Every structure is written in C-alpha cells, then in structure tokens.
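> Below is the sequence, then the predicted model.
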Amino acid sequence: MASDPARPQSRLEWVRLALQDLWHDRRTALVLVLTVAAILAPLMLLLGLKTGVIATLRQDLLNDPRNREIIVYGAHRLDRAWFAAMRARADLGFLLPRTRSINATIDLLDQAQRPYEALDLIPTAPGDPLLPPGLPTPAHADQVLLTATLAERIGVSPGSPLTGVLRRTRNGTPQTARFTLTAIAVVPQTSLAREAVLTHPDLLVAAEDYRDGLRADLSDADLRGGVAGERAEYAGARVYARDLDGVDTLAAAMRDQGIEVRTQAERIATVRAFDRTLSFILRVIALIGLGGCALALGGALWVNVERKRRDLALLRLFGFPNGTVVLMPLIQSAVIAALAFALAALAYLAGAAAFNRSLGQNLAGQGYVCRLEPRQLAVAAAATLLVALIAALAAGYRASRIDPAEALRDI
Amino acid sequence: MLLDCADLSYTRGSGDQAFRVLIASLTLDLGEIVALTGESGCGKSTALELLGLVVRPLTAGRFRFAADGEPQDLAALWQGDRQARLARLRAAAIGFVLQTGGLLPYLSVAGNIGINRRLLCLPARDPDLDAIIDQLQIGRLLDKQPAQLSVGQYQRASIARALAHRPRLVLADEPSSALDPRLGEEVMGLFLHLVERLGTSVILATHEQARVRARGLREVRAVPLADGFGSRFDG
C-alpha cells in the first residue's frame, strides 16, 4: 500500500495548483492583469519622462563647459604645490595656470596691417573643455586659435599668419614688441561666442614678463624657442570641474583656501530643484496609483478566496498544509503582477518610442524625452511585486481561516 | 487493528443549540467496512470529521490510528496541536468521498485523481491505479473538466480520487445520495466492490439503512444521547 505518512511530500504541488486555478479562471485573471497594467504603464511613462527630461537638462548643462567652470577672481599666488594638490582631486576636470588678467590681452594686425586692439588672451592646452573635440591645440607660443567672431572680423582662416603686438611704457617711453603668430584653428561660436585669442600658456607668461619689464624684447625666435620656463607662482588659473556635482565641491574647497570664485551654481541648482520637484510629484502620483492598485487587487483576491472557499477547504481536507493554502493567493497575485508588469513595460516601450520620435526632435543633440535606466526598471518591478504581495496578504489571511470541515458541511 | 477509539466527542453550535456527537467506542480492522447510519442531522458527518482528523475532538479517551502499521496516538497529536503532522496523516492515509463536489473545478479528472499522488511524490500512474480507473469506467473521462461530467461520472471520478493514493482508510459521506436510486445503487456497488478488492477500510456514513442491511454491512446506528442533546455511536 502507498499510504505511508512518513514519506516526503511535494513542496511545490500547491504552486502548480495555484497556477492551474489562475489559468482556469483566466478571464478574471486577465481583467486583474489589465487593471494593474493600466495603473503601471502611465506611472512608468511618467517616470521615464521625468528621467529623460532631467537627463536632457543635465546633459545640456554638461555640454556647456561654462557650467563646469570655476572662475577665479582677483590675483592670487598659486604655487606648484597648489596646482599639484588640485590636479590630484577626483572632482577636477581641467586646470591651467593663467597670468594676471590685466596682462592677458594682445593686439593683432592683419595682413593689411589693420589693428585689432586689446583682445582677450586665453591660455589653452589639450583637454580644454572650451574646445570641441578634434580641434588642434597650440604646441608652441606662436600658435593661436581665434574665436569664430574674431576670425570673421579679421578675415582669417586656419593657416593664416598674423602679427601680434604688445605695448609697454618704460621710463616714459612707449615700446612695442612685434612677432608673427599663426592661426591654427577657429573656435566655433557654440563653444565661445565672444572675441578672444586662445594660445599656449607660454605666450601669456612671455607677454606678462615683457610688460613687467622682465624681458627686453619678444621676437619670433623667442616664441619658437620656448619662451618661458615654469613659473613658481601664477596669479590665477582656469579651473573646470569633472562634472556638475564636482562644481560645488571644488568651489567649496577653493573658497576654503580664501580664493574668490564664481560658478554657474544657480543654473545647476535650478535643474536639481526641478529634479526634486518632479521626483516629489511623481512619488505622490505613484503612491496614490500603487495604493489604488493594492486595494483593487487586494479586494479582487479577497473576493476570489471567498468564492473559492470550498475548493480551498477541499485542499485542506485532502491534507494540504494550511501554509500552502495561504500562499496560493500570494503566488497568484505575484503572477498577476509579473504579467501586468510585462504588459505595462510593453506599453511603456511603445509610449516612450512615440514620445522620443515626436518630441525628441525638439531637443538638441542626444536628448531623450523618455527613458528608464535598467536600475529604475528593476526598482519598478520590485515595487510592483511588493504591492502585489501586500495586496494578497488579506486574502491569504482569509484563506488561513478556512476550516477543512467546510468541504464536508457546505453542500 | 487500524482504528481504535473511545469517548471521542465533538460539540457543534453553542448554548441551547449545542449538539454533541459522541463516538462511545469504535474499532475498525484493516479491510473492514462499517456503516454509520441514522437520520439526516444525527451527526454522521461530524463523526466522519472526527475520524478523518478534520476537527479537533472535545474529548478523546482513546484515539489510535495505525496509519503505517504501528498504532499512533492521535489524541496526543491533537493535544499537542500538531496540525501539520495531522495534515500529513490525512494526505497519506485517508481518502474522502463526499456527497457532492469532491473534485477541484480547475483540474482535469486526471489532475484531480492524481492530486494526492503528486502531493505524496508518488508516480503519476501505476497498475493499481489503472485498475481503479478501469473498474470505475472513467478511462475516457480523464481529460475532461469536472464541470463536463454527469453526476454519476462525477461521483465515480471522486471515488477514484479518494482511492488513487491507496489510503488505508476511506471515509465516505453519503456517496450515493445525490444520485437517483438506480444510479446510486450502481455507484455504491462499484465502490464497495473496489474497496473490498483493494483491502481498504471504509467508514460509510449513510441514511440508507435498508441498503446497508441488504448488503450485509456491519452497521453502527446513531442513538440519541441519554443525557443532553446529541447522538451516540457505539460499535
């Protein structure tokens, strides 16, 4: 005979039964799946929109290097140790020494000897956030880049020679140094809109030395031959953070050192505040949506247990442990939630594709209107499952109160 | 001896409505069939619930069940509230045939018949089960849903379900009374013939005393309690 109470019993038969019950009642299950999916899909689209919009705004900020710039005001004495310490920071993106701003100007003469006076002279080097990728950087002090506005006014194109002019007054006598510069590239207007000359830091140092009277002259030969050795101290620096979050930390560190700095903190703070506001709104909507979802699903599962009391009592009569009968609504709820999530994810993908196609064109560059990171999808799936299990708790409790004797009594 | 109980009682309802069912003494040998008879409402079903480990006895002077050969003290299991152990015993050693509705609507006939076998990790089919299915003439119904069966087919499938895992004890609660007399006689005949052949012990609750006597079954008749409202079975 087979009857042997000591033999092991299947631990998973109830899962099979729960799924078969769900399949047998598939029209009810489908209605529940659709209900849950109808709540989830718009929530996922909202989350995707929020993520997409914020990511786009942040990307826009990142794309504009000025938002990562920490502008140093005034003249300081920044020594080699300071530069080394700054370069060691993880939040630093780009660092280049600069001279006193009063000395950071130059006059240019075009080939017709027309003068262009007091142009801003900005030091640059490989990795300069102001320069779009692919643009050459000066290897020597006689190479310059002109911004597009300036190049247009002067009428030069890459490769054209220019004459640089520096003026000083010594013992009451005006003196000038003239030297030949080569425009190696033009900086597009989107990178830097104003008129400026970008050059090797050596030219700035040489210009300052010339104006301060530290050198007698500045000739073509001087420029090509490596005009300046490294200085012990600089009056300022061009500083860029690695990313938006680095702007705050870097600026704070510099302020602590007594350096007056300014940043585009407000623009960054605006995006952050926008992010916070949207996240808050989304949380409230999600809470209401998922709360309603839990109540709807929980109610339906409760009614289901009531409707199937006799079947559940029968299982208890057959010798299924109480625990398995309690777990049946839970696994059914989990399956409903999983199907609903899959359905909602499909609806989300369709909606997101439509948003990105129709609205994405309004965004510059790589902007997405609607997107979800895999991590967000995983969190959404976990939240759905959690809500489903919470919803099933009441039904499970109801099922736990079912007496196997009901199978014999209720006819 | 498979079952041996004395002073096993349960009270249903409360106050003036309280109805006491007392099994003063009852013994059952392996392969023996006993019929609990009495009018409707005399507590036959409650007696089956007590014997089927479905309800907690109010008193249990002696309650031994040799589910696996050795007599086990079920009174102690109830006293210790060993619900899980009692459920395992129910799953392995007891089969129930109900008056109606003994099948799960969401499983096919084959799924219903196999439910306790799956729970007990037994192979889906074996020659004994094939013979049971054959004898109950439900081979062609295995793929059907319970809702598609006639009452007679349904009851035969229920009997197969109760016997499929070869329990030592089958408790049958008015298994033929939902059927018309001719069909009821036929199903009852099939059932009793089958359990005799299998050597399964049966406790049959029925109000059809004439049929029990006609078949010459051992009968335990419910008698009103001498003290208070209720019934007493003494076999």
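Received it, and whenever you're ready, just let me know what you need. Numbering: from 1, shown residues only, chains lettered A, B, ... in the order given.
> need the helix or strand of chain A with the lowest average pLDDT.
One helix or strand of chain A scores below all others by mean pLDDT, DSSP states H and E: helix A:220-224, with a mean of 78.
> for the chain, what spans make up the strands?
Answering for chain A, as no chain was given. With DSSP state E as the criterion, chain A has strands at A:69-72, A:78-79, A:92-98, A:105-109, A:115-123, A:143-147, A:161-170, A:173-187, A:197-199, A:233-234, A:236-241, A:261-262.
> think we crossed wires, I meant chain B
Under DSSP E, chain B gives strands at B:3-12, B:19-28, B:33-37, B:59-65, B:72-73, B:94-97, B:169-173, B:201-206, B:218-221, B:223-224, B:230-234.
> among the ones you listed, which is nearest A:Ala388?
Nearest of the strands of chain B to A:Ala388, taken as Cβ to Cβ: strand B:94-97 at 33.4 Å. The way it works is simple: take the backbone N, C-alpha and C, and place the C-beta from them, glycine included.
> who touches that closest one?
Residues from elsewhere that reach strand B:94-97 (Cβ atoms under 8 Å, 6 or more residues apart in numbering or on different chains): A:317-319, A:407-408, B:52-53, B:102, B:116, B:155, B:158-159, B:161-165, B:167-173, B:175, B:191, B:200.
> Can you tell me the strand partners of that strand and which way each runs?
Partners of strand B:94-97 in the sheet, by DSSP bridges, are strand B:169-173 (parallel).
> For the partner strand, what does the pLDDT average out to?
Across strand B:169-173, pLDDT averages out at 95.
> what does it contact?
Residues outside strand B:169-173 that contact it (Cβ under 8 Å, 6+ apart) are A:408, B:2-3, B:28, B:44-45, B:48, B:51-52, B:65, B:93-99, B:162-163, B:191, B:195, B:200-205.
> need the contact list for A:Gln175.
Taking Cβ under 8 Å, 6+ apart as the contact definition, A:Gln175 lies against A:Arg167, A:Arg168, A:Thr169.
> Distance check, A:Asn67 against chain B.
Using Cβ to the nearest Cβ, to the nearest Å, A:Asn67 is found at 62 Å from chain B.
> what number of residues lie near that residue?
Neighbours of A:Asn67 under the rule other Cβ atoms under 10 Å in any protein chain shown: 22.
> Let me know whether it touches A:Gln264 as I believe.
Yes. Counting by Cβ atoms under 8 Å, A:Asn67 touches A:Gln264, with 4.6 Å between them.
> The lengthiest helix in chain B - contacts with which helices or strands?
Of all segments of type helix in chain B, defined using DSSP state H, the longest is helix B:181-198. Under the contact criterion of 3 or more Cβ pairs under 8 Å, 6 or more residues apart in numbering or on different chains; DSSP states H and E, helix B:181-198 touches strand B:33-37, helix B:127-135, helix B:151-163, strand B:201-206.
> overlap in contacts of A:Asn67 and A:Gln264?
With contacts defined as Cβ under 8 Å, 6+ apart, the residues adjacent to both A:Asn67 and A:Gln264 are A:Leu61, A:Val247.
> For chain A, give me its nearest residue in chain B.
Residue of chain B nearest chain A, by Cβ to the nearest Cβ: B:Ala91 (2.5 Å).
> From the contacts of A:Gln175, list just the buried residues.
Buried members of the contacts of A:Gln175, counted by 16 or more other Cβ atoms under 10 Å in any protein chain shown: none.
> Make CSV from those and add pLDDT and distance to A:Gly236 to it.
Converted to CSV, those look like this (pLDDT from 0 to 100; distance: Cβ to Cβ, whole Å):
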residue, pLDDT, distance to A:Gly236
A:Arg167, 89, 22
A:Arg168, 89, 21
A:Thr169, 87, 24
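> Centroid-nearest residue for chain B?
When Cα atoms, centre = their mean is applied to chain B, the residue found nearest the centroid is B:Leu171 (0.9 Å).
> what are the bridge partners for it, then?
Per DSSP bridges, the residues bridged to B:Leu171 are B:Phe96, B:Ile203.
> ok, residues contacting stretch A:400-409?
Outside of stretch A:400-409, the residues within contact range by Cβ under 8 Å, 6+ apart are A:305, A:309-310, A:312-314, A:316-317, A:322, A:325-326, B:45, B:48-49, B:54-55, B:90, B:96, B:98, B:101, B:173.
> try stretch A:84-99
A:68, A:78, A:83, A:104, A:122-125, A:127-129, A:201, A:204-205, A:207-208, A:231, A:234-243, A:245-246, A:249-250, A:253.
> For the residue in chain A that chain B sits nearest to, give me its contacts.
Chain B sits closest to A:Gly319 of chain A, with a gap of 2.5 Å, by Cβ to the nearest Cβ. By Cβ under 8 Å, 6+ apart, the residues touching A:Gly319 are B:Ala87, B:Arg88, B:Leu89, B:Arg90, B:Ala91, B:Ala92, B:Ile94, B:Asn116, B:Leu119.
> and if we set it to 6 Å?
Contact partners of A:Gly319, counting by Cβ atoms under 6 Å, 6 or more residues apart in numbering or on different chains, are B:Ala87, B:Arg90, B:Ala91.
> Nearest spatial neighbour of it, chain-adjacent residues omitted?
Nearest residue to A:Gly319, sequence neighbours excluded (Cβ to Cβ, 6 or more residues apart in numbering or on different chains): B:Ala91, at 2.5 Å.
> Run a quick neighbour tally on the one you found.
Residues within reach of B:Ala91, counting by other Cβ under 10 Å, total 25.
> cool, A:Ala407 as well?
A:Ala407 has 26 neighbouring residues, counting by other Cβ under 10 Å.
> for A:Gly396, same thing?
Counted with other Cβ under 10 Å, A:Gly396 comes out at 22.
> ok, now which ones touch the residue nearest to it when sequence neighbours are not counted?
Closest residue to A:Gly396 apart from its sequence neighbours, by Cβ to Cβ, 6+ apart: A:Val326 at 4.5 Å. By Cβ under 6 Å, 6+ apart, A:Val326 lies in contact with A:Gly396, A:Ala399, A:Ser400.
> ok, A:Val326 to A:Trp14 distance?
Relative to A:Trp14, A:Val326 is positioned 10 Å away (Cβ to Cβ, to the nearest Å).
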